[in-house]
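In: Pasting a predicted model and its sequence here:
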Amino acid sequence: MRTIRNAFLLAALLGFGCSSQATLPRIRVEYSPSEDLACSVPRGSPIKDEWKTELLSRQPEFVRLWQSEGPKLVAATEAISGRDFPLQEITARLTLCNAPSESFPGTDRVTINMRYALRSFTPEPVSMRYKVDTLFHEVLHIFLSRHPIKNSALLKEHAAEDERVRDHLHLLALQKAVLLKLNEPDALKEVIAVDSALPGGYYKRAWELVNTTDTEYLKYVAELSKKV
Ligand SMILES: [Zn+2]
């Protein structure tokens, strides 16, 4: 089977010219039709050629947007939390398989589902910026796995919530803090709206808890940045 692999190394994330030690991670964005085929066949959910064609034509758009936004998102995360991003390369595999975006902590690999960003897939696609924020979300899972929160009073308070909700409270609060710090209220609005429409309702619930009041997210951020 022929494998076409499009890989873009984002050297822009290295933080050239910084006076401090560069701690920004390198993200390699790739799309592998053969891996997508291996994913989609067992699910009985074939990937149309027109989706693949559109994704390949728009992959550079996604990469460019990440190149411009990613360093700012990462730098703001480090500034807010006082913690460094892991330095090793992270592979972001784009997928058209009927599978959710996911991170695999320990493997430094994330997958980003691109279906809903495609005009050939849906008449009302999400913005490419939302997919960049999805990549950021998945990278934040890796970041938080390196900086686990110990003895969280907030997680104890929400012990009855589903684990998938609890797993996202600090992450979404941090994502909100970052987007507000970068003065990106429209991006935040789209993230909350699209996340809240995802199946299962876990993100909707997590966003509800993080947005209980205008300042609720700051409690989570405070736990994240607490030195133990
Ligand atoms: Zn997540």
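Out: Nice, thanks for sending it over. None of the values given here were measured: they were computed from a predicted structure.
In: where do the helices sit along this structure?
Out: 33-43, 49-81, 128-146, 153-157, 163-181, 185-196, 202-210, 216-225 (DSSP state H).
In: these two touch, right, P46 and K52?
Out: No. Using CB atoms under 8 Å, P46 makes no contact with K52, being 10.9 Å away. All C-beta spots, glycine's among them, are computed from the backbone N, C-alpha and C.
In: okay, and for this protein, where does confidence drop off?
Out: Low-confidence segments of the chain, defined by pLDDT under 70: 1-24, 227-228.
In: Neighbour count: P46 and K52, which is higher?
Out: Using other CB atoms under 10 Å as the criterion, P46 and K52 rank with K52 on top: 17 against 13.
In: Find the nearest non-adjacent residue to the most centrally placed residue in the chain, please.
Out: Residue closest to the average C-alpha location in the chain (CA atoms, centre = their mean): H137, at 2.4 Å. Once flanking residues are discounted, H137 sits nearest to Q175: 6.3 Å by CB to CB, 6 or more residues apart in numbering.
In: Test my guess that that neighbour contacts A187.
Out: No. Using CB under 8 Å as the test, Q175 is too far from A187 to be in contact (9.8 Å).
In: between those two, what contacts are shared?
Out: Common neighbours of Q175 and A187 (criterion: CB atoms under 8 Å, 6 or more residues apart in numbering): D133.
In: If you count surrounding residues, which of these two has more?
Out: Between Q175 and A187, Q175 has the larger neighbour count (other CB under 10 Å), namely 25 against 21.
In: tell me the contacts of the more buried one?
Out: 133, 136-137, 140, 188, 191.
In: Please parse the chain into its domains.
Out: Annotated domains of the chain cover 6-146, 153-225 [automatic domain parsing].
In: thinking again about what came up before, I'd like to know how far the residue nearest to the centre of the chain sits from R83.
Out: 17 Å (CB to CB, to the nearest Å).
In: what do you get for A222?
Out: A222 is 13 Å from R83, by CB to CB.
In: Could you do K156 as well?
Out: 22 Å.
In: One more: A117?
Out: Taking CB to CB, one finds A117 at 30 Å from R83.
In: Counting neighbours, go ahead and name the busier of the two.
Out: In this view A117 and R83 are compared by other CB under 10 Å, and A117 has more residues nearby, 24 against 15.
In: thinking R28 is in contact with L94, fair?
Out: No. Contact between R28 and L94 fails when scored by CB under 8 Å: they sit 11.2 Å apart.
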